[in-house]
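structure for this input, please:
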Amino acid sequence: MKFYDLHVHSAFSEGKSSLKELAETAKALGYKGICFSAYYKDRNQQTILQTEIEKIKQQTGIEIFLGFEAKSIKELQLLAKRRREFDILLVRGGNLRLNRKACETPEVDILTHPEYERNDSGFNHILAKLARKNEVAIEINFREVLNSSKKTRSLILKNIQQNVKIAKKYKVPIIISSGAISHWELKAPEVLISFGCLVGLELKEAKEALSKIPEKIIKKIEERKNKEWIMPGVKVIK
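So this is what the prediction gives:
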């Protein structure tokens, strides 16, 4: 089974470790691939990242994807228009309006931690139906729990469990990620699978959240690179 961690931040995006440190650690932990998530600035930054990623892929032999994480509706709209230019589109969850916009936007691949800094789960049956329709995966973020404590951790776990319950009911794709901002925060697939079981996934479901679901997202990356692809649901047929 091939495992992927599709939400990792490097020094390029408020992280603490270099791309190479993260890639080497992920490979040592047993991952087939990872996604470096950055906050979009401009195309110059994008070019620098893509060049660095290609270099590190050759050095480490691990699959590396470039993802941009939108932090506002304006950023999401901009990145959705430039969807072919990078691999994965993530949306930083937490704001309810942005959570909804992410779920109703077919260009989005992952809504990260919808419960982020909220007292509620930030996700409901309406968003779940939209996410399923548009194939937007809902993320279980390990770092959010790792860096919390006491009552805060209890609330986060409760909200994650609620989101898992809703996502399972409406058959919304779920992924598990480390959310790491340092190579020391990367966790082995077995750790994240155990975490998935803790918050309500069956063992098979937890494994798929690190393998099958990310592989479906990666397959969409390949489809977008095809010259015949126009936008989600639209392509040229000859």
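
what about the protein, any weak spots by pLDDT?
Residues of the chain meeting the criterion pLDDT under 70: 228-233, 235-238.

select the longest strand from it.
Using DSSP state E, we find that the single longest strand of the chain is strand 63-70.

with only the CA atoms kept, save stretch 144-157 in CSV.
Provided in CSV are the C-alpha atoms of stretch 144-157 (Å, rounded to 0.1, in the frame of the first residue of the first chain):
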residue,chain,number,x,y,z
GLU,A,144,-3.9,20.6,15.2
VAL,A,145,-4.2,18.0,18.0
LEU,A,146,-0.5,17.5,18.5
ASN,A,147,0.1,21.2,19.4
SER,A,148,-3.0,21.6,21.6
SER,A,149,-3.6,20.6,25.2
LYS,A,150,-6.3,20.0,27.9
LYS,A,151,-9.7,21.5,27.1
THR,A,152,-8.6,22.8,23.7
ARG,A,153,-7.5,19.4,22.6
SER,A,154,-10.7,17.8,23.9
LEU,A,155,-12.7,20.3,21.8
ILE,A,156,-10.7,19.8,18.7
LEU,A,157,-11.0,16.0,19.0
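
quick one: strands adjacent to the longest strand of the chain?
Applying DSSP bridges, strand 63-70 is found paired with strand 33-38 (parallel), strand 88-92 (parallel).

so for the helix or strand following the shortest one, what gets flagged as buried?
Same thing as strand 88-92. Later in the chain than strand 88-92, the nearest helix or strand by DSSP states H and E is helix 96-103. By neighbour count on 16 or more other C-beta atoms under 10 Å, the buried set for helix 96-103 is Leu98, Asn99, Arg100, Lys101, Ala102, Cys103. In this view, the C-beta of every residue, glycine as well, is placed from N, C-alpha and C.

the third one and Ala128 touch, don't they?
Translated: Arg100. No. The criterion here is C-beta atoms under 8 Å, and Arg100 misses it with Ala128 at 11.1 Å.

can you list the buried residues of helix 96-103 in TSV and add distance to Ala38?
Output for these, formatted as TSV (distance: C-beta to C-beta, whole Å):
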residue	distance to Ala38
Leu98	18
Asn99	21
Arg100	24
Lys101	20
Ala102	17
Cys103	22
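
circling back: can you put the strands paired with strand 63-70 in TSV and add distance to Glu75 and mean neighbour count?
Formatted as TSV, the strands paired with strand 63-70 follow (distance: least, C-beta to C-beta, whole Å; neighbours: other C-beta atoms under 10 Å):
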stretch	distance to Glu75	mean neighbour count
strand 33-38	12	25
strand 88-92	9	24
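
of all those strands, which lies closest to Glu215?
strand 33-38 (9.5 Å; C-beta to C-beta).
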